[in-house]
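*Asks:* fold the following, please.
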Amino acid sequence: MELELVKEEKNYLEFFLKGERYTFPNLLKSRLMNDSAVTFVSNKLDHFLLDKTHFVLRTDGKSPRKAIEDAIKEIEKDLSDFEREIKKALK
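*Replies:* Predicted structure coming up:
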C-alpha cells in the first residue's frame with residue numbers, strides 16, 4: 001500500500017491510496033466518518049480496473065493527517081481485539 005499525495009492544505013487533504021480498492025478504503029472512510037472533526041470524507045475508484053482509491057478529506061479543528069492517524073489507531077485496536085477474541089475462542 002502506498003499513498004500518493006495530491007493536495008494538502010490546513011483542513012484539506014487529497015490523496016490516492018495505491019494498491020487498495022475496496023476493503024481497507026471503506027474501513028478507513030467509516031472510521032473517519034466517526035470523527036467529529038471530519039466534516040467531509042469521500043473515496044472512489046476513478047476506474048474499476050485501476051488499483052488505487054481517490055480520497056478527499058476535510059476537517060475542522062484537527063489536521064487531516066491527525067484524523068487519519070487516529071482512524072488507523074482505532075482500526076489497529078479493533079484488529080488486536082479481534083485477534084485476541086479469536087485466540088481465546090480457539091483454546
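
*Asks:* in the chain, which spans are strands?
*Replies:* 2-9, 12-18, 38-45, 52-59 (DSSP state E).

*Asks:* hey, which of the ones you listed is tucked in deepest?
*Replies:* Counting by mean count of other C-beta atoms under 10 Å, strand 52-59 has the highest mean neighbour count of these, with a mean of 20. To be clear about C-beta, it is placed using only N, CA and C from the backbone, and glycine gets the same treatment.

*Asks:* note down every partner strand of that strand and its orientation.
*Replies:* strand 12-18 (antiparallel), strand 38-45 (antiparallel) (DSSP bridges).

*Asks:* Ile72: what's it in contact with?
*Replies:* Shown in contact with Ile72 (C-beta atoms under 8 Å, 6 or more residues apart in numbering): 28, 31.

*Asks:* over to Glu2?
*Replies:* 17-19.

*Asks:* so which of the strands paired with strand 52-59 gets nearest Ile86?
*Replies:* Closest approach to Ile86 among those (C-beta to C-beta): strand 12-18, 26.7 Å.

*Asks:* Gln67 contacts Leu57, correct?
*Replies:* Careful, residue 67 is Ala; it's not Gln. Yes: counting by C-beta atoms under 8 Å, Leu57 is a contact partner of Ala67 at 6.7 Å.

*Asks:* need the overlap of contacts for these two.
*Replies:* Joint contacts of Ala67 and Leu57 (C-beta under 8 Å, 6+ apart) are 32, 38.
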